[in-house]
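*Asks:* predicted coordinates and the sequence they were generated for:
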Amino acid sequence: MTWPVRIRAVTFLAPVAGVLMFVQSPQAQNPPPPPAAGQSLPSETPASFRPVTDTFDYARRDVMVPMRDSVKLHTVVLVPKGAKRAPILLTRTPYDANVLTGHAQSAHLGPILSGYDNATDVIVNGGYIRVVQDVRGKHGSEGDYVMNRPLRGPLNPTSVDHATDTYDTIDWLVKNVRESNGKVGILGISYDGFLPLMALVNPHPALKVAVPMNPMVDGWKGDDWFHNGAFRQQMMAYVHDQEATRTSETKWWTSHFDEYDMFMQAGSAGELGRRRGLEQIGFWRKILEHPSYDAFWREQAMDRVLAAHPLNVPVMIVHSLWDQEDIYGAIAAYKALEPKDSGNDKVFLVLGPWHHGQEIADGSTLGALKFHSDTALYFRQEILGPFLARYLKDGAPKGEVPPVAAFETGTNVWRRLTAWPSGCSSGCDVQRTPLYLAADLTLGFSAPNAAAAAFDEYVSDPAKPVPFRARPIQPVGYDNGLTWPQWLVDDQREASGRPDVLAFASGVLSTPLKISGEPITNLVASTTGTDSDWVVKLIDVYPDEVAGQPRMGGYQLMVAGDIFRGRYRDSLEIPKPIAAGEPLLYRFALPSANHVFLPGHRIMVQVQSSWFPLYDRNPQTFVPNIFWAKPGDYKKAVQRIYHAPDRASFIDLPVVTMR
């Protein structure tokens, strides 16, 4: 209806407009004089804009907190409106305090904290003062950045480390945040989870509790950089982005849609790093210089550090059973700290069915898995919230948080335990039980038969490495449709059908089988090469059809899996060539599981020699440093897995039995 009206109006005015064309105004005849020299149009932007935040439900304070060496660290303090004698929840981060406290432009505390690295509902509903600080050398903080800066000592000759920076920060907060009750808790995920562990070393008296979630603990044995000597080359992008610039604005770039092709084209991880200019970055040079488990890695492993110091602060360690980045660290830290807890009231452990960091998000599913409840919400409401309140709030009840809260996968229930590993609160034991790899690719609890074939074999070809998930391989990431967080629960069927993967399977189970703890690989294997990687995966094979979940029919769910670089069989520090053709024992732990193999399911163990491109390829000929392996070093090898009585290969399962 509006268009005809507008057209008629224009038509009516047209003649008038035509007449006006011949009438010049006085202004048109006499244009204004040009501005005098030096004059300018005043800016409409104030020299300093002060937002009006009277209606906000929080007050934001950006401060520079001085450390003992005079370096100042950028710190964001968020105080709920009307707070009085409120406890402080601190997170220290290399990921930009402004970003972690600015997930939305909002007058409300909840939206601005809704995202990494905030357990938002616990923080907001608990009335906590939220503090997030940039670590030294990153974003708004002064000083020099060092990846996982070690404690003062042989690896850090300065007077400061993350322990001292945390101490100085807490000291400033309790003296300057007038709304606080003088009690501080520290928590965080991943790198931000490594930092609460550092805070336990000579802690400030006001630090009352620490919650490291999915912490980086030992970068060589099983967290971000290596697993048992095999380099996690897809983490090169993280190293690049973290250290190339102070504010992480320079980003790693893609060159192929399928990262499998990108890493294959480069040849070795060292060569790809050279092509991307990574040798300008200090931490990358350290990785190249320390491919073995030498003092550089040992002395900064946080489980070793914590074992050497007293425990003065209650700590809750949070572990994800399918943590695709730091699956080693939480359990290693628990093992180091738990012996110090003589009263069973200072060290707490949570095991959830999550990917890395999922405990602060929705925990009802992971990939194809459904848990029939929001397991992460349960953790925050029933475990984390009461635990923090117990130590930080004045007059809060003790709460009923168990020493160990472990989600049991398979049955999908939470278990309240007194220790880990333990299958139940009382009346059961964890017994080490060998699950044998046998002839004809079978799997069972009976020792090998002398009359059966002594081994199975496959050809490992570095020119065609086994993908760690279905191609095309995505880069590491959490946004824009990337499924990196789910890869540990990917269906393993594709791998089981490859000729360079051995898949040993049990019969159908008639009774449930529960495991709690670390399965230990005892692999007797030989190679025609002089070096080799060994990948072992413990898998739950679902029934051929699953009612109500068609997608799960025949699904091969990896319960635990890891890689071991053969050159470190005798020594983690001094690599040695493998004796070609000689059967040798490779013994290494798989990540912890708390799982029930249900009736109607089968157990499978897959063995292979590459997991690409997550891990760099082993050339299968011994070279001094695999980072600089040349194209001619990569050669096929025949791999044999033995299952004779005197050369038995088996997985030592932590089976839960009733007394």
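*Replies:* The structure has been received and is ready for your questions. Numbering: from 1, shown residues only.
*Asks:* so, low pLDDT: which residues of the protein?
*Replies:* 1-32, 34-38 (pLDDT under 70).
*Asks:* ok, what's across the strand from Phe650?
*Replies:* Following DSSP bridges, Phe650 is listed with bridge partners Tyr436, Asn522.
*Asks:* wait, it touches Pro434, no?
*Replies:* Yes - using Cβ atoms under 8 Å, Phe650 is in contact with Pro434, at 4.1 Å. C-betas here are computed from N, CA, C, even on glycine.
*Asks:* okay, those two: which has more neighbours?
*Replies:* Neighbours were counted for Phe650 and for Pro434 using other Cβ atoms under 10 Å; Phe650 has more, 23 against 18.
*Asks:* now do the more buried one against Val315, distance only.
*Replies:* 35 Å (Cβ to Cβ, to the nearest Å).
*Asks:* on that earlier part again, find the residues that touch each one of Phe650 and Pro434.
*Replies:* Asn522 (Cβ atoms under 8 Å, 6 or more residues apart in numbering).
*Asks:* and for the spatially closest residue to Tyr391 that is not a sequence neighbour, the neighbour number?
*Replies:* Residue nearest to Tyr391 in three dimensions, not counting chain neighbours: Val209, with 4.0 Å by Cβ to Cβ, 6 or more residues apart in numbering. Counted with other Cβ under 10 Å, residues neighbouring Val209 total 24.
*Asks:* please apply the same query to the one 3 residues further on.
*Replies:* Pro212 is flanked by 30 other residues according to other Cβ under 10 Å.
*Asks:* Phe49 now?
*Replies:* That count, for Phe49 with other Cβ under 10 Å as the rule, works out to 6.
*Asks:* for it, which three-state class applies?
*Replies:* Three-state call for Phe49 (DSSP: H, G, I helix; E, B strand; the rest coil): coil.
*Asks:* nearest residue to the middle of this protein?
*Replies:* Centroid-nearest residue in the chain: Glu325, 3.7 Å away (criterion: Cα atoms, centre = their mean).
*Asks:* pretty sure it sits in a strand.
*Replies:* No - applying three-state DSSP, one finds Glu325 to be coil, outside a strand.
*Asks:* please name the nearest non-neighbouring residue to it.
*Replies:* Nearest non-adjacent residue to Glu325 (Cβ to Cβ, 6+ apart): His356, at 4.4 Å.
*Asks:* so which strand or helix has the one you found?
*Replies:* Counting by DSSP states H and E, no helix or strand carries His356.
*Asks:* share the number of residues neighbouring the closest residue to Glu400 other than its chain neighbours, please.
*Replies:* For Glu400, ignoring the flanking residues on the chain, the nearest one in space by Cβ to Cβ, 6+ apart is Pro386 at 7.3 Å. Other residues near Pro386 number 16, with proximity taken as other Cβ under 10 Å.
*Asks:* what's the distance between Pro386 and Asp456?
*Replies:* Distance from Pro386 to Asp456, by Cβ to Cβ: 51 Å.
*Asks:* same question, Asp134
*Replies:* The spacing between Asp134 and Asp456, counted by Cβ to Cβ, is 53 Å.
*Asks:* ditto for Leu614
*Replies:* 25 Å.
*Asks:* so for the two, which residue has more residues nearby?
*Replies:* Using other Cβ under 10 Å as the criterion, Leu614 and Asp456 rank with Leu614 on top: 24 against 19.
*Asks:* for the more buried one, which non-adjacent residue is spatially closest?
*Replies:* Phe468 (4.4 Å).
*Asks:* show me what contacts the one you found?
*Replies:* Contacts of Phe468 by Cβ under 8 Å, 6+ apart are 487, 611-615.
*Asks:* what do you get for Pro577?
*Replies:* Pro577 sits next to 530-531, 567, 622 when contact means Cβ under 8 Å, 6+ apart.
*Asks:* what do you get if the cut-off is 7 Å, keeping everything else the same?
*Replies:* Taking Cβ atoms under 7 Å, 6 or more residues apart in numbering, we find Pro577 in contact with 530-531, 622.
*Asks:* who wins for most neighbours among those?
*Replies:* Neighbour max across the contacts of Pro577 (other Cβ under 10 Å) = Asp531, 24 neighbours.
*Asks:* and that residue, which of the three is it?
*Replies:* Once three-state DSSP is applied, Asp531 turns out coil.
*Asks:* which residues touch it?
*Replies:* Asp531 neighbours (Cβ under 7 Å, 6+ apart): 566-567, 577-578, 618-622.
*Asks:* leaving out chain neighbours, which residue sits closest to it?
*Replies:* Distances taken as Cβ to Cβ, 6+ apart put Phe622 closest to Asp531, at 4.6 Å, once the chain neighbours are dropped.
*Asks:* can you tell me how far the one you found is from Asp633?
*Replies:* 9 Å.
*Asks:* same question, Met302
*Replies:* Taken as Cβ to Cβ, the span from Met302 to Asp633 is 35 Å.
*Asks:* comparing those two, which residue is more hemmed in?
*Replies:* Met302 (26 against 19).
*Asks:* give the contact list for the more buried one.
*Replies:* 194, 197, 217, 333.
*Asks:* cutoff 8 Å now
*Replies:* Per Cβ under 8 Å, 6+ apart, neighbours of Met302: 194, 197-198, 215-218, 329, 332-333, 336.
*Asks:* quick check: phi and psi at Arg378.
*Replies:* Not quite, residue 378 is Tyr, not Arg. phi -60, psi -50 (degrees, to the nearest 10).
*Asks:* now do it against Ser364, distance only.
*Replies:* Relative to Ser364, and taking Cβ to Cβ, Tyr378 is found at 10 Å.
*Asks:* what sits opposite the nearest residue to Leu78 once chain neighbours are set aside in the beta ladder?
*Replies:* Spatial nearest neighbour of Leu78, excluding adjacent residues (Cβ to Cβ, 6+ apart): Arg130 at 4.3 Å. Legend: beta-bridge partners of Arg130 under DSSP bridges are Leu78, Leu89.
*Asks:* Arg130 and Pro150: what is the separation?
*Replies:* 28 Å.
*Asks:* repeat that for Glu289.
*Replies:* From Glu289 to Pro150 the distance is 15 Å (Cβ to Cβ).
*Asks:* can you show me the helices along the stretch 101-250 of the chain?
*Replies:* For the stretch 101-250 of the chain, the helices defined by DSSP state H, counting those that start in this stretch cover 109-113, 120-125, 162-176, 191-199, 236-243.
*Asks:* burial of Asp394, as a residue count?
*Replies:* Counted with other Cβ under 10 Å, Asp394 comes out at 10.
*Asks:* next, it: secondary structure please.
*Replies:* The three-state assignment at Asp394 reads coil, by three-state DSSP.
*Asks:* grab the nearest non-local neighbour of it.
*Replies:* Nearest residue to Asp394, sequence neighbours excluded (Cβ to Cβ, 6+ apart): Asn181, at 5.7 Å.
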